[in-house]
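> What follows is a predicted structure for the sequence shown.
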Amino acid sequence: LPALPRLAAQGDVEAMALARRADLAADRLELDALAQSYGLTERTRAISLLEVTGVANRVRTAEGDKASPRGVEAAVEIPIFDFGAARSARAREVYMGAVNRLLESAVNARSEAREAYVTWRARRDIAVAYQARVLPLRKVVTDEALLRYNGMLADPTDLLTEARATVAARVAAIRARREALLAHVDLQAALTGGGASAAAPDSAAGLATPAPAAAH
């Protein structure tokens with residue numbers, strides 16, 4: 001299996017979802033079409049999806065708060081136009097209704113991205129724990145069992161039991177890595193269009209079924 005991708009900050013993931021999601025891009029195109037159909041040209045201000053949905057777009061430094069260098073602010077702005085006294089109430093209601101739908105979609109997109117990120121990070125932590133802690137400890141135990149067997153302090157049954165436990169730990173580590181990679185695929189889907197792949201039916205069991213080790 002390939003190496004696990006690097007982690008990103010949760011705020012960066014949510015901001016990327018707001019900038020990349022195809023459904024949000026379609027909603028923004030709908031706003032542009034409405035503005036053109038009603039002849040709205042005098043833009044008075046813009047609403048940032050990053051600020052409305054609670055994604056920080058500023059970083060705190062020693063000199064004070066500064067704009068974040070993520071560079072996605074322009075891609076997630078909602079233009080607000082001057083409807084003027086001559087504009088119909090219908091135009092205002094239709095356009096602002098589309099704005100509210102876009103804001104709702106943005107909140108949902110951010111929630112999906114956050115949920116996918118939390119799942120991905122949890123499964124990645126499990127996979128890393130297997131590689132960094134469980135497997136090295138299993139190797140130490142197996143080597144100790146082999147030394148005891150070579151010194152005629154243990155019978156072959158003990159050695160085979162430890163070998164079986166080590167193999168089971170390696171299988172669990174592979175399953176944990178697989179689940180982490182699938183969670184990363186789901187995260188990428190949440191960043192572009194939503195949806196998630198179906199989890200394997202034995203995924204939960206594969207992460208928590210260590211073989212019994214022999215007592216020492």
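Thanks, I have the structure now. Numbers count the residues shown, from 1 in each chain.
> Tyr130 versus the residue nearest the centre of the chain, what's the distance?
The C-alpha lying nearest the average C-alpha coordinate of the chain belongs to Tyr117 (CA atoms, centre = their mean; 2.1 Å). Noted for Tyr117: a distance of 21 Å to Tyr130, by CB to CB, to the nearest Å. To be clear about C-beta, it is placed using only N, CA and C from the backbone, and glycine gets the same treatment.
> what element comes up after the helix or strand in which Leu103 is found heading to the C-terminus?
Here Leu103, judged by DSSP states H and E, is contained in helix 89-129. As assigned by DSSP H and E, the chain's next helix or strand after helix 89-129 is helix 135-150.
> Contacts made by that next one with the rest, please.
For helix 135-150, contacts defined as CB atoms under 8 Å, 6 or more residues apart in numbering pick out 154-156, 158-159, 162-163, 165-166, 169-170, 173, 213-214, 216.
> hang on, the earlier thing: between helix 135-150 and the helix holding Leu103, find me the angle.
20 degrees (axes from the mean of the first three to the mean of the last three CA atoms, to 10 degrees).
> Run the chain-centre distance for helix 89-129.
When distances are taken as CA atoms, centre = their mean, to the nearest Å, helix 89-129 is centred 12 Å away from the chain's centroid.
> Stretch 18-27 too?
17 Å.
> What are the buried residues along that stretch?
Leu18, Ala19, Arg20, Arg21, Leu24, Asp27 (16 or more other CB atoms under 10 Å).
> Now do it: distance from first to last residue.
End-to-end distance of stretch 18-27: 12 Å, with CA to CA, to the nearest Å as the criterion.
> what angle do the helix or strand harbouring Arg177 and helix 89-129 make?
Using DSSP H and E, the element containing Arg177 is helix 156-192. For helix 156-192 against helix 89-129, the angle by the same axes, to 10 degrees is 160 degrees.
> List the buried residues in helix 156-192.
158-159, 161-162, 165-166, 168-169, 172-173, 175-184, 186-187, 189-191.
> pLDDT averaged over that helix, what's the number?
The pLDDT scores in helix 156-192 average 93.
> which strands and helices sit next to it?
In this structure, helix 156-192 makes packing contacts with helix 10-20, helix 89-129, helix 135-150, helix 203-207, judged by 3 or more CB pairs under 8 Å, 6 or more residues apart in numbering; DSSP states H and E.
> who does the longest one touch, helix- and strand-wise?
Here helix 89-129 touches helix 10-20, helix 22-37, helix 49-52, strand 77-81, helix 156-192, going by 3+ CB pairs under 8 Å, 6+ apart.
> Kindly reformat those as JSON lines containing distance to Leu146.
Shown next, in JSON lines, are the helices and strands packed on helix 89-129 (distance: least, CB to CB, whole Å):
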{"stretch": "helix 10-20", "distance to Leu146": "44"}
{"stretch": "helix 22-37", "distance to Leu146": "56"}
{"stretch": "helix 49-52", "distance to Leu146": "57"}
{"stretch": "strand 77-81", "distance to Leu146": "65"}
{"stretch": "helix 156-192", "distance to Leu146": "7"}
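> Tell me which of the ones you listed lies nearest to Val107.
Closest approach to Val107 among these is made by helix 49-52 (8.3 Å; CB to CB).
> avg pLDDT for that closest one?
Here helix 49-52 scores 68 as its mean pLDDT.
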